[in-house]
Every structure is written in C-alpha cells, then in structure tokens.
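A.B. asks: Starting from these lines, generate the structure:
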Amino acid sequence: MSVREHIENKLNTCFSPSALVVTDDSHLHAGHAGARPGGNSHFTVEIVSTRFAGLTRIACHRLVNEALAEELAGPIHALVIKTRAS
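C.D. replies: The predicted structure follows:
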C-alpha cells in the first residue's frame, strides 16, 4: 500500500469525510530537504468532515496531525492541510 493510500485509509476511518483528496506533491520538491527518490514524502490533504464543525483552523489541523502522527514521524516530510466542515 502506498503512503497516499495509507493516509486516505486513516483519514477515512478517523473522520468519515464527505470529501477527501490526498495528493502526492513530492515531484514538486525534488532536490529539496526531505525529498526522497520515488516520492511519497510531500502531500496535500483536502478534507471535508462534520468533525470540523465549530472548530478553528488550528484545531482542525491538530486533529489531522494527530490522526497521521505515525506517518509524520516517518515517511511524510511535509503535509499541507485544507479542512472544511460539511
């Protein structure tokens, strides 16, 4: 399973989103710190979930970071998070 698929599975389980897009942006960072040959290091997550209702942007990002803590400690070097409440 790819890192992107792993991220999708975790976020689907944690947030039951109405929309989820996970994009591997690693090719945009080739040659930069943390970039690995073959990608799977830089991602953008766009997620819409009722779990974010009434929360600040920081609180939403913290929830996503907590859900992906294991990946952020390992294969993910950079993560852009875009959240919305549905």
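A.B. asks: which residues are contacting the longest helix that the chain contains?
C.D. replies: Using DSSP state H, we find that the single longest helix of the chain is helix 3-15. Helix 3-15 has contacts (Cβ atoms under 8 Å, 6 or more residues apart in numbering) with 1, 17, 20, 22-24, 40-41, 43, 45, 47, 49, 51, 63-64, 67-68, 71, 75-76. To be clear about C-beta, it is placed using only N, CA and C from the backbone, and glycine gets the same treatment.
A.B. asks: residue boundaries of the helices in the protein?
C.D. replies: 3-15, 57-67, 69-72.
A.B. asks: Can I get the last one in PDB, CA atoms only?
C.D. replies: Spelled out, it's helix 69-72. Extracted as PDB, the C-alpha positions of helix 69-72 are listed here (Å, rounded to 0.1, in the frame of the first residue of the first chain):
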ATOM      1  CA  ALA A  69       1.200  11.200  13.800                       C
ATOM      2  CA  GLU A  70       2.800   7.900  12.900                       C
ATOM      3  CA  GLU A  71       3.300   8.900   9.300                       C
ATOM      4  CA  LEU A  72       4.500  12.400  10.200                       C
END
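A.B. asks: Pull the residues that contact it.
C.D. replies: By Cβ under 8 Å, 6+ apart, helix 69-72 touches 3, 6-7, 10, 65, 79.
A.B. asks: let's see it at 10 Å
C.D. replies: Helix 69-72 has contacts (Cβ atoms under 10 Å, 6 or more residues apart in numbering) with 3, 6-7, 10, 40, 43, 64-66, 76, 78-79.
A.B. asks: Give the full set of residues in contact with F43.
C.D. replies: Contacts of F43 by Cβ under 10 Å, 6+ apart are 3-4, 7, 22-26, 68, 71, 75-81.
A.B. asks: of these, buried ones?
C.D. replies: Buried by 16 or more other Cβ atoms under 10 Å: 3-4, 7, 22, 24, 26, 68, 71, 76-79, 81, out of the contacts of F43.
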